[in-house]
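Novice: Provided below for reference: sequence and predicted model.
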Amino acid sequence: MRRCLEILWLGLLAACAQPAAPPPAATPERAETTAPRRAWWKEVVVYQVYPRSFQDSDGDGVGDIRGIISRLDYIESLGVDVVWLNPVYQSPNDDAGYDISDYRAIMPAMGTMADFDALLQGLHQRGIKLIMDLVVNHTSDEHLWFRESRSSRSNPYRDYYHWWPAELGTPAHRWSFFDEEGSAWRYDSTTQAYYLHYFSRKQPDLKWENPRVRREVYELMKFWFEKGVDGFRMDVIPFISKDTTFPPLPAAYRSGDYVAYYAKGPRLHEFLREMNREVLSKYDIMTVGEGGGVRAEDALHFVAEDRRELQTFFQFELVDRWGRRPDNWLYPDSSTRSLPVFKQIFTKWDSVFATAGWGTVFLGNHDQSRMVSRYGNDDPRYRTASAKMLHTFLLTMRGTPYIYNGDEIGMANIRFTDIRDYRDLMTINYYRRLEKEGGDLGEFLAGQAEISRDNGRTPMQWTAESHAGFTTGAPWIRINPDHRTVNVQAAEADTGSVLHYVRRLLRFRKSDPTLVYGTYRLLDRENPEVYAYTRSLGGRTLMVALSFGPGGGRTALPPGYTSGKILMNNLATSPLQSRRLVLEPYQAIVLELTKD
Ligand code: NOJ
């Protein structure tokens, strides 16, 4: 038996084969009688900027706010409406800024508050909104609150965190996502007690059950809203409420599914409603909850309008299922990673939000490997076509689309083979743990080469020069050597590039409300090679057909339609042969259907 790491979070670290889960039960599609209510945050396209890797302005090898400012014209040229900026707050960077030691300060490596204000102003002048990361399930252990909290049992901040006095014995086991020993409890000798940390030891969990903690959070949110920030992406927000008696994990959640337990705390929705009442409802802003561990049947509890909690939500079912090595993922013999399952997941989640709430569509972010490597094909023969195909998917589905920086030029996985190249504590700590346990390090590294978070964190490739125009110094993480051919400068000069196509797609989405509000209907459900669907609004129907493989594929217009006008096509050839569509490898088309 191979050793398993008991973790599957955001699809990142399942290091051994797990029994194939049955495909999700299809949720019956809801009857859609009226189009969803309009809202600006449903109509926008979001561009995620990972500041550490976007553009360095001062040669220290780390991207910074001034660097982003120098690229604002580029961001504007994409046609996006909102930038989501990963954390730039004061942080010792145990987890690349997701361990915050001061929520009202900017970390020096990123710049100053004046730089931040200039960035916000520069975006607003261009009509682009800015959403920030809200990381309040935990703080850094270097935050003043935790330093005070750990100093004595009677400190006024003691109850800001979850402590378990050692005289009560060892607390019931909780898994940590990042800890190299696996436990989310860490013994602290100063006060002979354990503190809870779902993430690293340096990321103690805040105790939301304490009303003072909640007030602190609401105040810091207001601080950023008063500055003019347009919303928050809420980090692991479903985890904030805990059963503070810390009973043993219920049996149903013990094997790998503890994330679902973490995401269902008893007072979760009470806290979110309070946050909405106290803060969110007072501003015209957007919110997106990171929904790890949340099942489709619970998603509306977060985002249905009458709940008055959040507005939108990232679902993780896809990335959780494609967490392991994605080789062969789309071949029909794989029951859990076939294209029909991919379609089923998106179709199910579309139906969740069809009559209430609102979803998001993403295939990449700073916690995922590169979209073209994972769901497309980064072989030079197919890279451009498959990257364009995946963007066509992102920008024609219902739900607010998120484009991760670098995907617009088809950036691919770097695939490190040496543990010394990694910077992410998640990979490094699990490697250490496996090493101690005598696990298969070769297999682990092979998996990480495909799915590690660092694949998505290598610097933005601006030019073919050394360091890719990202920095003049030594970059904090290696730059993908393929920047010599894949870079913004080359993409600008080539009208057939992914970049030019993405800009066209964005204009197309903006020009047609059918792509935002239109009803989604899956076609040709079991087709193993083609993902086809329609979007319909006010008597108009668009059909999207996407070939997801190097073999191309065939499908047909839906019944009742005799012809179609091609509005978008990522290749030069027309696949339309009467009512049939014969797609080239990774071809993507959007047609306006006609009945004659
Ligand atoms: C989710 C973030 O996206 C990830 O980067 C981070 O490590 C964890 N939350 C912990 O904050």
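Specialist: Happy to help now that I have it.
Novice: helix or strand for Arg535, which one?
Specialist: Using DSSP states H and E, Arg535 maps to strand 530-537.
Novice: who's in contact with that strand?
Specialist: 35, 339, 342-343, 347, 393, 396, 398, 513-515, 517-524, 541-548, 553-555, 558, 581, 583, 593 (CB atoms under 8 Å, 6 or more residues apart in numbering). In short, each C-beta sits where N, CA and C put it, glycine included.
Novice: could you redo the last one with a cut-off of 6 Å?
Specialist: 343, 514, 517-524, 541-548, 553, 555 (CB atoms under 6 Å, 6 or more residues apart in numbering).
Novice: partners of the helix or strand just after it in the sheet?
Specialist: Next helix or strand after strand 530-537 toward the C-terminus (DSSP H and E): strand 540-547. Paired neighbours of strand 540-547 in the sheet (DSSP bridges): strand 530-537 (antiparallel), strand 588-594 (antiparallel).
Novice: in this structure, which helix or strand is least confident?
Specialist: Taking mean pLDDT, DSSP states H and E as the measure, the helix or strand of the chain with the lowest value is helix 317-321, at a mean of 82.
Novice: run through the neighbouring helices and strands of it.
Specialist: The contact analysis (3 or more CB pairs under 6 Å, 6 or more residues apart in numbering; DSSP states H and E) places helix 317-321 against no helix or strand.
Novice: packing partners of the helix or strand following it?
Specialist: The helix or strand immediately downstream of helix 317-321 is helix 339-352, counting by DSSP H and E. Helix 339-352 sits against helix 296-303, with contacts defined as 3+ CB pairs under 6 Å, 6+ apart.
Novice: quick check, Trp358 in contact with Phe313.
Specialist: No - if you go by CB atoms under 6 Å, Trp358 and Phe313 don't touch, sitting 7.9 Å apart.
Novice: what about those two, which has more around it?
Specialist: Counted by other CB atoms under 10 Å, Trp358 and Phe313 do not tie: Phe313 has more neighbours, with 29 against 22.
Novice: the more buried one looks like it's in a helix, true?
Specialist: No - under DSSP: H, G, I helix; E, B strand; the rest coil, Phe313 sits outside any helix and is assigned strand.
Novice: for it, list each beta-bridge partner.
Specialist: Note on Phe313: beta-bridge partners by DSSP bridges are Gly289.
Novice: ok, it - contacts?
Specialist: Taking CB under 6 Å, 6+ apart, one finds 289, 291, 299, 302-303 in contact with Phe313.
Novice: equivalent analysis for Lys388, please.
Specialist: By CB under 6 Å, 6+ apart, the neighbours of Lys388 are 498, 501, 570.
Novice: now it. Nearest residue, chain neighbours left out?
Specialist: Of all residues not flanking Lys388 in the chain, Asn570 sits nearest, at 3.8 Å (CB to CB, 6 or more residues apart in numbering).
Novice: phi, psi of the one you found?
Specialist: Main-chain torsions, Asn570, degrees, to the nearest 10: phi -90, psi -10.
Novice: hang on, it packs against Tyr586?
Specialist: No - the pair Asn570 and Tyr586 fails to qualify as a contact (CB under 6 Å) at a distance of 7.5 Å.
Novice: what do those two both touch?
Specialist: Common contacts of Asn570 and Tyr586 (CB under 6 Å, 6+ apart): 385, 389.
Novice: check the residue most central in space within the chain and give its pLDDT.
Specialist: When CA atoms, centre = their mean is applied to the chain, the residue found nearest the centroid is Asn365 (4.4 Å). pLDDT recorded at Asn365 is 97.
Novice: just confirm it is within a strand.
Specialist: No - the assignment for Asn365, made by three-state DSSP, is coil rather than a strand.
Novice: ok so, going back, buried subset of the contacts of strand 530-537?
Specialist: The neighbour count (16 or more other CB atoms under 10 Å) marks 343, 514, 517-524, 541-548, 553, 555 as buried among the contacts of strand 530-537.
Novice: who's in contact with Ile100?
Specialist: Shown in contact with Ile100 (CB under 6 Å, 6+ apart): 89, 91, 135, 139-140.
Novice: for the ligand, what are the nearby residues on the protein?
Specialist: Within reach of the ligand by CB under 6 Å from any ligand atom, the chain has these residues: 95, 98, 135, 199, 235-236, 290, 366-367.
Novice: so how far is Glu290 from the residue in the chain that the ligand sits nearest to?
Specialist: Residue nearest to the ligand within the chain: Tyr98 (3.5 Å; CB to the nearest ligand atom). Remark: distance between Tyr98 and Glu290 (CB to CB, to the nearest Å) = 11 Å.
Novice: same deal with Leu318?
Specialist: Applying CB to CB to Leu318 and Glu290 gives a distance of 14 Å.
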